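**Student:** sequence and predicted structure are below.
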Amino acid sequence: MSGVQDQLLRSLVKVATALRREGIPFALTGGCAVYARGGPATEHDVDILVREEDAKAAQSALVATGMTAAEAPEDWLLKVYDGDSLVDLLHRPNEIRVTDDILGLAEELAVGSVTLPVMPATEVLISKLLVLDGHRCDFSELLPFARALREQIDWDRVRRATSASPFAEAFLLLVERLDLIAPVVPVRSVS
């Protein structure tokens, strides 16, 4: 594990401890959730889902631990830094409000030295696929994720939830053609 990954795990422990201490519901998502479920490690950031009504309190709780708040140009998240490690507090990723029901999908898993709620691989993949567009269409992180966690993913749910995205459709065709998942067999109508 690299020094960056070690630092992200240390930051994650601080985040989980602070949010639990303040009673703020949250769940780990993004690349760290993939890692927590047995996928490849990330070197990007720590992504935490929080309800919109808890986002400012979550940011304040993290600042109280010595982290630094940062400006976010987007209105669907708040940012803090723990040294060089970025922590994103997502309250409306892909224009979907984080609710108690969404947070309720998370499972308690051990990550480093802490146990915390981690989003299912299916939900993380859906979120990552819905971000893809003409300016951001890089499958290089998604392929190792899909390969490592393919048995944990409800591929039918992924197809349904991302059906409006041509980028997700292209990714799903690619993982089918690479034999990571079974292809969809079209249903023929009986005449």
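**Tutor:** Alright, I've got the coordinates.
**Student:** can you pull the phi/psi pair for Asp133?
**Tutor:** Here the main-chain torsion angles of Asp133 (degrees, to the nearest 10) amount to phi -160, psi -170.
**Student:** in stretch 152-169, what counts as buried?
**Tutor:** Ile153, Trp155, Val158, Ala161, Thr162, Ser165, Phe167, Ala168 (16 or more other CB atoms under 10 Å). (C-beta placed from N, C-alpha, C; glycine too.)
**Student:** which ones among these lie within helices?
**Tutor:** Using DSSP state H, the subset of the buried residues of stretch 152-169 located in helices is Trp155, Val158, Ala161, Phe167, Ala168.
**Student:** how about the last one: what's its closest non-neighbour residue?
**Tutor:** Closest residue in space to Ala168, ignoring its immediate chain neighbours: Thr162 at 3.5 Å, by CB to CB, 6 or more residues apart in numbering.
**Student:** contact partners for the one you found?
**Tutor:** For Thr162, the contacting residues are Ile126, Leu129, Leu130, Ala168, Glu169, Leu172, by CB atoms under 8 Å, 6 or more residues apart in numbering.
**Student:** go again with 10 Å.
**Tutor:** Residues touching Thr162, when contacts are defined by CB atoms under 10 Å, 6 or more residues apart in numbering, comprise Leu125, Ile126, Ser127, Lys128, Leu129, Leu130, Leu132, Ala168, Glu169, Phe171, Leu172.
**Student:** circling back to that earlier point, I'd like the ones in helices among the buried residues of stretch 152-169 written out as a markdown table, with distance to Pro73 and pLDDT added.
**Tutor:** Written out in a markdown table, the entries for those read as follows (distance: CB to CB, whole Å; pLDDT from 0 to 100):
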| residue | distance to Pro73 | pLDDT |
| --- | --- | --- |
| Trp155 | 34 | 97 |
| Val158 | 29 | 97 |
| Ala161 | 26 | 96 |
| Phe167 | 22 | 97 |
| Ala168 | 25 | 97 |
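**Student:** and the residues you listed, which is closest to Thr115?
**Tutor:** Lowest distance from Thr115 to those (CB to CB) belongs to Val158, with 26.7 Å.
**Student:** against Asp179, how distant is that closest one?
**Tutor:** Using CB to CB, to the nearest Å, one gets 17 Å for the distance from Val158 to Asp179.
**Student:** check Gly39 too.
**Tutor:** Taking CB to CB as the measure, Gly39 and Asp179 are separated by 19 Å.
**Student:** more neighbours, the two?
**Tutor:** A count of neighbours by other CB atoms under 10 Å puts Gly39 above the other of Gly39 and Asp179, at 21 against 8.
**Student:** check the nearest residue to the more buried one once chain neighbours are set aside and give its pLDDT.
**Tutor:** Sequence neighbours aside, Ala148 is the residue nearest to Gly39 in space, at 4.2 Å (criterion: CB to CB, 6+ apart). You'll see Ala148 listed with a pLDDT of 96.
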